[in-house]
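Asker: Here is my input; please provide its structure:
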Amino acid sequence: MTSPVIKATSYILVHTPNTLIYHGATQTMERQKNSESEYLQKLPQFLRSFAETLTYPANQAYIGNISVEELRAIDQPWYENSPENAARFSDWGEIMPEDEFYGILQIVDAFDLVKLSENFAQQVKEKLTVHPLITAGELEKIKGTEVENINSLVKGHLAEPLYLGEELVGCIKQAHDTDVNLNAHVMLENMMAKASGVLALKHLVKQEGIAVGDVDYIIEVSEEACGDINQRGGGNFAKSVAEAAGCVNATGSDTRSFCAGPTHGLINATALVKAGIYDNVVVVAGGATAKLGMNGKDHLAKNMPLLEDCLGGFAILVSKNDGINPIVRTDAIGRHTVGTGSSPQAVISALVTNPLDKLGLKITDIDKYSVEMQNPEITRPAGAGDVPTANYKMIAALGVKRGDLERNDIARFVEVHGMPGFAPTQGHIPSGVPFIGHARRLMLNGQIRSSMIIGKGSLFLGRMTNLFDGVSFIIEQNSGQVETDNGVNEDMLKKIVGQAMRELARSLLKEEA
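Answerer: Coordinates of the predicted model:
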């Protein structure tokens, strides 16, 4: 069996301030309670422009234009300090403006649910003509509808509106007139998750050495539910994303575990590749519309911009060992079991020290830990503190208890083995996976040897159990040795063949004697 490797990564953000206003869960509930509330009245004044969102340092780190160490060196508040090399596109992905994303929504629409006004459809079609990933055939799918028809659907509560400022430029229709699982709001959330996932996958398969037709299997790991009244949440986002991205030889399925879903998906992907079932498995996720502006009231109260204005997305390709890319260790998987318990020490032991013990490693032997990488500029004003730093301190404290480091080394451990949080608070998006692209780059450049990816999830949110969840795995720099399908690398194979040839020669000599 071959060792699985992280062959490529992509990360995208979509700036969606109008979607935040009209469809983020916090704003939607506020509007239902009091449509004239002071928060809703002031909200537009605290939204960022696309230029401000584009140059925001944490966003530039997320798409890979700056490193986590470059981000650490920028003074906070980050929203007042921009890096010099900020750009829309990166080697991994991009930050897309909202108007172009509305065009992507219609491109990936398979049931004629997305309606765009005639004027806007023409405008966005012209803008997307120069996008490097959008084909002429896809552009032909962008078609306009009379704005009066769109307005009628929205006023009749048959569709959710798509605004740019105060202008109604489109809508997303309900898919059924009585099934609540296919109402307009659910369809909007699902379409936005699908479209942002497609954008991430398109950026992945454009990269050198990857052919879209070589993708065998896709695992979709977002937090949305796709289904109807007979099987709500039945899926399949994965295959719909594969279809829209042109992965004609791929099949797939969805994996869900709240924020821990991506890490579960990656472990599943590595198992499929190691077993030889598939050669190329992609783990992909789009964004969560409900979480836009989730902490908006706290940000506004602190007189700061609403930083939760972006949908997130990513795609990660797991493939057979090529002797180059970082290897995923399948022999030391951390897992929070039913009997683990919920104390911080028990959780960190299950996810960090248990897998390290299997390999005979100390906590300090892992170069970088990627935990819940929420941007602290988003979480601190809401009273949640600096989530990544809190996790690193817990890991270090357990290291002290184990004797892996001294108590006065905790701060140094956090600095050396941790990093600042830089991911949007999109639930599944920040949980471990944002650093995988950085880890791969650092390992290919010989700057680090190992990283542990830790995903956690809040299962109790579903009201089925009081448990939460967590899994982890280790990525290591590739040694350059490639195994055969029998799990034997080329050097070992040469030794085995050589030994067999010598034994055969000795046997023949004995027979002649």
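Asker: contacts, neighbours, all on C-alpha from now
Answerer: Will do.
Asker: which regions of the stretch 51-200 of the chain sit below the pLDDT cut-off?
Answerer: Across the stretch 51-200 of the chain, not a single residue meets the criterion (pLDDT under 70).
Asker: now the helices: where do they sit in it?
Answerer: In the stretch 51-200 of the chain, the helices defined using DSSP state H, counting those that start in this stretch lie at 57-62, 68-72, 98-107, 118-128, 136-139, 147-155, 184-205.
Asker: try the stretch 351-500 of the chain
Answerer: Using DSSP H, counting those that start in this stretch, helices in the stretch 351-500 of the chain cover 354-359, 376-379, 387-402, 410-417, 436-444, 490-512.
Asker: Show residues contacting the shortest one.
Answerer: Read that as helix 376-379. 77-78, 295, 299, 307-308, 385-388, 420-422, 425 (Cα atoms under 8 Å, 6 or more residues apart in numbering).
Asker: Equivalent analysis for stretch 141-150, please.
Answerer: The contact list for stretch 141-150 (Cα under 8 Å, 6+ apart) reads 103, 106-107, 115-122, 125, 168-171.
Asker: Would you mind checking those residues for buried ones?
Answerer: Among the contacts of stretch 141-150, those scoring as buried are 103, 106-107, 115-118, 120-121, 125, 168-171 (criterion: 16 or more other Cα atoms under 10 Å).
Asker: what two of the residues you listed are the furthest from one another?
Answerer: Pairwise distances across those peak at 18.9 Å for 107 and 168 (criterion: Cα to Cα).
Asker: isn't residue 129 right next to residue 139, touching?
Answerer: Yes. Using Cα atoms under 8 Å, residue 129 is in contact with residue 139, at 7.3 Å.
Asker: Where do the strands of the stretch 251-400 of the chain begin and end?
Answerer: Counting by DSSP state E, counting those that start in this stretch, the stretch 251-400 of the chain has strands at residues 251-254, 280-285, 310-320, 327-335, 368-370.
Asker: from the contacts of helix 376-379, which single one is nearest residue 39?
Answerer: Closest approach to residue 39 among the contacts of helix 376-379 (Cα to Cα): residue 299, at 10.7 Å.
Asker: Contacts only, for the closest one.
Answerer: Neighbour list for residue 299: 305, 306, 307, 378, 381, 382 [criterion: Cα under 8 Å, 6+ apart].
Asker: ok, the fifth one touching residue 302?
Answerer: Yes. Counting by Cα under 8 Å, a contact exists between residue 381 and residue 302, whose distance comes to 7.1 Å.
Asker: Residue 357: neighbour count?
Answerer: By other Cα atoms under 10 Å, the residues close to residue 357 number 13.
Asker: Look up how far residue 70 lies from it.
Answerer: Distance, residue 357 to residue 70, by Cα to Cα, to the nearest Å: 33 Å.
Asker: In contact with residue 469, which residues are there?
Answerer: Residues near residue 469 by Cα under 8 Å, 6+ apart: 257, 260, 336, 337, 456, 457, 458, 459.
Asker: And for it, nearest residue in space, chain neighbours not counted?
Answerer: Spatial nearest neighbour of residue 469, chain neighbours left out: residue 457 (4.7 Å); criterion: Cα to Cα, 6 or more residues apart in numbering.
Asker: So that neighbour is in contact with residue 256, correct?
Answerer: No. Under the criterion of Cα under 8 Å, residue 457 is not in contact with residue 256, lying 9.9 Å apart.
Asker: quick one on the thing from earlier: lowest average confidence across the helices of the stretch 351-500 of the chain, which one?
Answerer: When the helices of the stretch 351-500 of the chain are compared by mean pLDDT, helix 490-512 comes last with a mean of 61.
Asker: for residue 2, helix, strand, or coil?
Answerer: Three-state call for residue 2 (DSSP: H, G, I helix; E, B strand; the rest coil): coil.
Asker: That one: neighbour count?
Answerer: Applying other Cα under 10 Å, we find 21 residues neighbouring residue 2.
Asker: Quick check: it vs residue 277, distance?
Answerer: Separation of residue 2 from residue 277 (Cα to Cα) stands at 11 Å.
Asker: and if you look at residue 119?
Answerer: Counting by Cα to Cα, the separation of residue 119 from residue 277 is 49 Å.
Asker: do the same with residue 105
Answerer: From residue 105 to residue 277 the distance is 33 Å (Cα to Cα).
Asker: which stretch of helix or strand covers residue 22?
Answerer: helix 17-23 (DSSP states H and E).
Asker: Which elements pack onto that helix?
Answerer: For helix 17-23, the packing partners by 3 or more Cα pairs under 8 Å, 6 or more residues apart in numbering; DSSP states H and E come out as helix 25-33, strand 159-164.
Asker: From the chain's centre, how far out is the first one? Work that out for me.
Answerer: What separates the centre of helix 25-33 from the centre of its chain is 26 Å, taken as Cα atoms, centre = their mean, to the nearest Å.
Asker: And the contacts of that helix?
Answerer: 20-22, 37, 40, 289-296.
Asker: The last one now?
Answerer: The set of residues external to strand 159-164 that reach it, using Cα under 8 Å, 6+ apart, is 18-19, 22, 99, 102, 153-154, 168-174, 184-185, 188.
Asker: swap in stretch 184-196?
Answerer: By Cα under 8 Å, 6+ apart, stretch 184-196 touches 12, 14, 101, 104-105, 108-109, 158-160, 172-175, 222, 224-226, 237, 240-241, 285-290, 311-313.
Asker: Just the CA trace of it, in CSV.
Answerer: Extracted C-alpha coordinates of stretch 184-196, given in CSV (Å, rounded to 0.1, in the frame of the first residue of the first chain):
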residue,chain,number,x,y,z
ALA,A,184,-35.9,29.6,-1.0
HIS,A,185,-33.8,30.3,2.1
VAL,A,186,-32.4,26.7,2.2
MET,A,187,-31.8,26.8,-1.6
LEU,A,188,-29.9,30.0,-1.2
GLU,A,189,-27.7,28.6,1.5
ASN,A,190,-27.1,25.4,-0.5
MET,A,191,-26.4,27.2,-3.7
MET,A,192,-23.8,29.5,-2.1
ALA,A,193,-22.1,26.5,-0.5
LYS,A,194,-22.0,24.7,-3.8
ALA,A,195,-20.8,27.7,-5.8
SER,A,196,-18.0,28.5,-3.4
